[in-house]
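Engineer: Sequence and computational prediction follow.
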Amino acid sequence: MAETTDAPPDAAPEVPVAGAAPAADPATDPGAENGFIAPVPMEEDPAELFAGDSGTLDAEVRTVLVRLLQRRFLTAERNRAQWRTLLDHQQVIESRLHDLFVHLVVDHERGVAYKKQVRSAELDVPVLLRDDAYSRAETLVLVHLRTVFQRERGAGETSVRVDVEELEQTALTYFDPDDTNVATRQREIRAAVTRLAKDGLIEEESEGRYRVTPLVEVVLSNERLAELRDWLRAQAAHTGEDGAA
């Protein structure tokens, strides 16, 4: 994770260690003769962003902090200005998230940042982030997306695309072949595609045509992909045995 040289806004000011500070001159400092430092005029205080604002971060930094809490991912490709702000102020943003027991992950290679719930066996940590698991249909589509992405990237392709019909047909092969309610399964798969697009794992370039983004590698590691493939094969074999019986 890249480090920045920006100090947190609440960092203590540096204290001079070599020699004493020069005495205040009563002629230029009206408060010096009383032993006090003259107050800073109110107009020189940091501007409030709203009435009663006691925050210390600039508006653009606060916006990035909120976006990280609101969304599953923040990407350099989709949000160039916010990504730059994140890198410039990563230390203080990370500190604010740590105050909420949330860990910030910044993947510079893929240009993606996301949050993770801090969990500890030694500390009773209040949970802020929900584990919003993918449904069966979403998992099936995700596994296919990840498989295609891995295959195409391995073949040297820099951009990977899929059609919604391909996703639909592949996912349907993992459902019970005796299930006659195909229309319901198709709706589930289309809804899964919509959710994965909302999460940024795919982007619709034209009607029914999607580009697969590198986020699929973040969501589904090689190890987890292998586990899911084994599980799907076992499920398919079990379904086949039931059908033969």
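Structural biologist: Sure, I can see it. Numbering: from 1, shown residues only.

Engineer: low pLDDT regions in this structure?
Structural biologist: Judged against pLDDT under 70, the low-scoring parts of the chain cover residues 1-46, 236-245.

Engineer: name the element the residue positioned nearest the centre of it belongs to?
Structural biologist: Computing the C-alpha centroid of the chain and ranking residues by C-alpha atoms, centre = their mean puts Y114 first, at 2.2 Å. Assigning secondary structure by DSSP states H and E places Y114 in strand 112-117.

Engineer: What strands flank that strand, and is each parallel or antiparallel?
Structural biologist: With DSSP bridges as the criterion, the sheet partners recorded for strand 112-117 are strand 74-75 (antiparallel), strand 102-107 (antiparallel).

Engineer: counting contacts, what elements does whichever helix or strand comes after that strand pack onto?
Structural biologist: On the C-terminal side of strand 112-117, the closest following helix or strand by DSSP H and E is helix 136-154. Using 3 or more C-beta pairs under 8 Å, 6 or more residues apart in numbering; DSSP states H and E as the contact criterion, the secondary-structure elements in contact with helix 136-154 are strand 160-163, helix 164-172, helix 182-198, strand 209-212, helix 215-219, helix 222-244. Yep, even glycine has a C-beta here, placed from its N, CA and C like the rest.

Engineer: Format the ones you listed as TSV; extra columns: distance to F73.
Structural biologist: Rendered in TSV, the data for the helices and strands packed on helix 136-154 read as follows (distance: least, C-beta to C-beta, whole Å):
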stretch	distance to F73
strand 160-163	18
helix 164-172	20
helix 182-198	11
strand 209-212	14
helix 215-219	6
helix 222-244	17
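
Engineer: May I have the beta-bridge partners of the residue nearest to the centre of the chain?
Structural biologist: V105.

Engineer: Make residue 1 into 42 and carry on from there
Structural biologist: OK, 42 is where the count begins now, so the last one is Y155.

Engineer: Select, out of the helices and strands packed on helix 177-195, the one closest to T104.
Structural biologist: helix 223-239 (20.2 Å; C-beta to C-beta).

Engineer: sorry, back to before: okay, the strands paired with strand 153-158, which one's buried deepest?
Structural biologist: Burial of the strands paired with strand 153-158 is given as mean neighbour count (mean count of other C-beta atoms under 10 Å); strand 115-116 ranks first at a mean of 22.

Engineer: Going toward the C-terminus from that strand, what's the next helix or strand?
Structural biologist: Stepping forward along the backbone from strand 115-116, the first helix or strand reached (DSSP H and E) is helix 121-129.

Engineer: Just the buried residues of that next one, please?
Structural biologist: Along helix 121-129, the positions that meet the burial threshold by neighbour count (16 or more other C-beta atoms under 10 Å) are Q123, W124, T126, L127, L128, D129.

Engineer: got the angle for the helix or strand just after that helix vs helix 121-129?
Structural biologist: Sequence-wise, the next helix or strand downstream of helix 121-129 (DSSP H and E) is helix 131-139. Relative orientation of helix 131-139 with respect to helix 121-129: 90 degrees, computed using axes from the mean of the first three to the mean of the last three C-alpha atoms, to 10 degrees.
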